[in-house]
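>>> sequence isn't available, so here's the structure alone:
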């Protein structure tokens with residue numbers, strides 16, 4: 001997504017002229033877009049806004065009211081222009097950057113990938129297993145979700161989201177309360193945002209030590 005920001009209603013009063021100047025400069029003579037009429041409205045609204053903004057520095061209440069009115073006109077015209085620019089650019093990043101509008105920020109969070117080097121090991125404590133994964137080198141996780149299933153409860157569900165889960169803020173965990181001499185299936189997934197699906201590792205079936 002390479003859409004531009006079109007809503008400047010919350011932009012600081014003093015910052016709005018510079019934002020608008022950049023848009024006017026970027027859109028003027030821009031052969032990628034056909035927005036001459038909409039750009040002209042922005043230019044027409046910019047002058048009165050700058051004047052009324054300067055007048056508010058004297059503490060005149062009437063000037064503040066006029067400034068707010070002119071700001072609304074300017075913001076509305078920027079929105080109309082921005083909508084049309086987004087339509088014509090069709091997500092083209094290079095074209096979006098040329099138009100002078102700031103781009104909508106892309107979320108910095110990256111979808112979790114495949115688990116690296118998942119291991120399940122016995123410990124010196126009866127009924128306790130040590131599970132661990134490698135810390136990924138290409139992205140940041142919100143920890144790790146480790147899963148297991150107690151076969152005494154019935155057939156192992158195919159969907160590992162239905163297994164018992166234990167979450168670690170890091171990349172390893174000890175799971176206790178398991179029955180020595182019994183084999184359990186284990187899996188792991190890096191934790192992303194709550195609305196992101198877990199990408200599970202391959203299942204490792206391991207017998208719990210005495």
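Alright, I've got the coordinates. Here the structure is a predicted model, which means the values were calculated and not measured. Residues are numbered from 1 along each chain as shown.

>>> average pLDDT for the longest helix seen in the chain?
When the chain is parsed with DSSP state H, its longest helix is helix 61-89. Summarised as a single mean, pLDDT over helix 61-89 is 91.

>>> need the helices for the protein, in chain order.
16-27, 36-55, 61-89, 93-98.

>>> residues in contact with residue 95?
By Cβ atoms under 8 Å, 6 or more residues apart in numbering, the contact set of residue 95 is 32-33, 88-89. In short, each C-beta sits where N, CA and C put it, glycine included.

>>> PyMOL command for the buried members of these?
Buried members of those, defined by 16 or more other Cβ atoms under 10 Å, are picked up in PyMOL with:
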select buried, resi 33+89
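
>>> can I get the contacts of residue 95 in CSV with distance to residue 97?
Formatted as CSV, the contacts of residue 95 follow (distance: Cβ to Cβ, whole Å):
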residue, distance to residue 97
32, 11
33, 13
88, 14
89, 10
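
>>> quick one: strands adjacent to the longest strand seen in the chain?
With secondary structure taken from DSSP state E, the chain has its longest strand at strand 183-190. Each strand paired with strand 183-190, and its direction, by DSSP bridges: strand 144-148 (antiparallel), strand 204-207 (antiparallel).

>>> could I get the helices of the chain as TSV with distance to residue 135?
TSV is the format used below for the helices of the chain (distance: least, Cβ to Cβ, whole Å):
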stretch	distance to residue 135
helix 16-27	41
helix 36-55	49
helix 61-89	39
helix 93-98	32
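
>>> any stretches of the chain with poor pLDDT?
1-2, 105-111, 210 (pLDDT under 70).

>>> give the contact list for the residue nearest to residue 170 when sequence neighbours are not counted.
Closest residue to residue 170 apart from its sequence neighbours, by Cβ to Cβ, 6 or more residues apart in numbering: residue 143 at 6.5 Å. Taking Cβ under 8 Å, 6+ apart, we find residue 143 in contact with 167-171, 190-191.

>>> for residue 143, give me phi and psi.
Backbone geometry at residue 143, expressed as degrees, to the nearest 10, gives phi 110, psi -160.

>>> from residue 136, how far out is it?
12 Å (Cβ to Cβ, to the nearest Å).

>>> what do the two both touch?
Residues touching both residue 143 and residue 136 (Cβ under 8 Å, 6+ apart): residue 190.

>>> now the contacts of residue 143 in TSV, with distance to residue 17 and neighbour count?
Output for the contacts of residue 143, formatted as TSV (distance: Cβ to Cβ, whole Å; neighbours: other Cβ atoms under 10 Å):
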residue	distance to residue 17	neighbour count
167	49	12
168	50	17
169	46	10
170	49	11
171	50	21
190	45	26
191	44	17
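
>>> between those residues, which is closest to residue 69?
Distance to residue 69 across the contacts of residue 143 (Cβ to Cβ) is lowest for residue 191, with 49.3 Å.

>>> my read is that that closest one contacts residue 165, right?
No - assessed by Cβ atoms under 8 Å, residue 191 is found out of contact with residue 165, at 10.2 Å.
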